[in-house]
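1. I need the structure of the sequence given here:
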Amino acid sequence: MLVHRFEQYEILTEIKITEKQYAIGVQPMLYLCFPIMELKSSQPLIGRTAITKETADFEINSSNISIFLEMLKIFGILSKNHNKDIITIIDKIVS
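-> Numbers count the residues shown, from 1 in each chain. So this is what the prediction gives:
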C-alpha cells in the first residue's frame, strides 16, 4: 500500500493493489481519506450515531479542487484503460 498526504490538508490518498473480483490478475484501488469534520450535514456528526440512510456532503470548492485534480491524475496513472478519459476530464475542468 502507498499513502500520499496532501501538504496543506488533513486529507490523504491510499493506493492498494488487490486481486480482481471476477477475473485473473490484480488491479490498483485508489481511496480518498478525509476527516469527518470535512462533511457538511444538517446536524453535527461528531459524538453521535448516524441515522439510517443519513447522508452528508463533501463540498468541492476553489480551496480544495487541487486535491481532486490530483486524484484524477493518480487514477489516470493507475489505469491504462481510463488514462485518456481522465486526461479529457481534466482538460474540461481546467479550461
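
2. residue 29 sits in which helix or strand?
-> When secondary structure is defined by DSSP states H and E, residue 29 falls within strand 26-33.

3. an error on my part: the question was meant for residue 63.
-> Using DSSP H and E, residue 63 sits within no helix or strand.

4. residue 18 versus that one, what's the distance?
-> Distance check for residue 63 against residue 18: by C-beta to C-beta, to the nearest Å, it reads 32 Å. Any C-beta I mention is one placed from the backbone N, CA and C, and that applies to glycine too.

5. and if you look at residue 46?
-> Here residue 46 is placed at a distance of 31 Å from residue 18 (C-beta to C-beta).

6. same deal with residue 55?
-> 27 Å.

7. name the residues of stretch 61-72 that are buried.
-> Neighbour-count burial for stretch 61-72, counted by 16 or more other C-beta atoms under 10 Å, picks out 64, 67, 71-72.

8. what do you get for stretch 23-35?
-> Buried residues in stretch 23-35, defined by neighbour count with 16+ other C-beta under 10 Å: 30, 34.

9. restricting to C-alpha, output it in PDB.
-> Presented in PDB, the C-alpha positions along stretch 23-35 are these (Å, rounded to 0.1, in the frame of the first residue of the first chain):
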ATOM      1  CA  ALA A  23     -11.100 -12.000 -13.400                       C
ATOM      2  CA  ILE A  24      -7.500 -13.200 -13.100                       C
ATOM      3  CA  GLY A  25      -4.900 -10.600 -12.200                       C
ATOM      4  CA  VAL A  26      -4.600  -7.600 -10.000                       C
ATOM      5  CA  GLN A  27      -5.900  -4.000 -10.100                       C
ATOM      6  CA  PRO A  28      -5.000  -0.800  -8.300                       C
ATOM      7  CA  MET A  29      -7.500   0.600  -5.900                       C
ATOM      8  CA  LEU A  30      -7.500   4.400  -5.100                       C
ATOM      9  CA  TYR A  31      -9.000   5.600  -1.800                       C
ATOM     10  CA  LEU A  32      -9.600   9.200  -0.600                       C
ATOM     11  CA  CYS A  33      -9.400   9.500   3.100                       C
ATOM     12  CA  PHE A  34     -10.500  12.700   4.900                       C
ATOM     13  CA  PRO A  35     -11.600  13.800   8.300                       C
END
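
10. all set, thanks.
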